[in-house]
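S.K.: model the following, please.
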Amino acid sequence: MDPDARTRATIEEHWRASESGESAAEHAIYADDAILEYPQSGERFRGRATILAQRGEHPASRHFTVVRIVGGGHLWVSECIITYDGVPTHSVSIMEFAGEHVVHETQYFADPFQGPAWRAALAEPEPATASELSGPR
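M.R.: The predicted structure is shown next:
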């Protein structure tokens, strides 16, 4: 298997494990000294154990829908919809790899919003996400 195909499979397994609640498999992607950053809240989590602990303490019921994964080499981006207690939030995850593990991840989160009326005639709904915005699965 070529390196990019292997990395894509690793990322797909990460998101599958995230959805199914398999914490050890979800966090196997991270290097022991990985860094996870949430720029919008100003938080940084250092180390696989800390990343696992902060996600394990999350009080909401979560579901993950991968919209797309793009990348190559050491840099990969996942666009997802994460549903927290039935409320969808868009997420972009930027993962930097060293070898087979993520050494740095930055995640951005955005709540869906209604587009303004002034551009309604120009826009069409995104087929990949329109059904997700209507609520939980």
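S.K.: for the chain, what spans make up the strands?
M.R.: 30-38, 43-46, 62-72, 75-84, 87-98, 101-110 (DSSP state E).
S.K.: and residue 52, which of the ones you listed is closest to it?
M.R.: strand 30-38 (8.1 Å; CB to CB). C-betas here are computed from N, CA, C, even on glycine.
S.K.: return the set of residues that bridge with the nearest residue to residue 69 once chain neighbours are set aside.
M.R.: Closest residue in space to residue 69, ignoring its immediate chain neighbours: residue 78 at 5.0 Å, by CB to CB, 6 or more residues apart in numbering. As for beta bridges, residue 78 partners with residue 69, residue 93 under DSSP bridges.
S.K.: and if you look at the one 4 residues further on?
M.R.: For residue 82, the beta-bridge assignment (DSSP bridges) gives partners residue 64, residue 89.
S.K.: what is the burial count for it?
M.R.: Neighbourhood size, residue 82 [other CB atoms under 10 Å]: 19.
S.K.: sorry, back to before: pretty sure the residue nearest to residue 69 is touching residue 95, no?
M.R.: Yes. Applying CB atoms under 8 Å, one finds residue 78 in contact with residue 95, separated by 7.2 Å.
S.K.: quickly list what's touching both of the two.
M.R.: Common neighbours of residue 78 and residue 95 (criterion: CB atoms under 8 Å, 6 or more residues apart in numbering): residue 11.
S.K.: who has more neighbours, those two?
M.R.: Ranked by neighbour count (other CB under 10 Å), residue 78 and residue 95 place residue 95 first, with 26 against 22.
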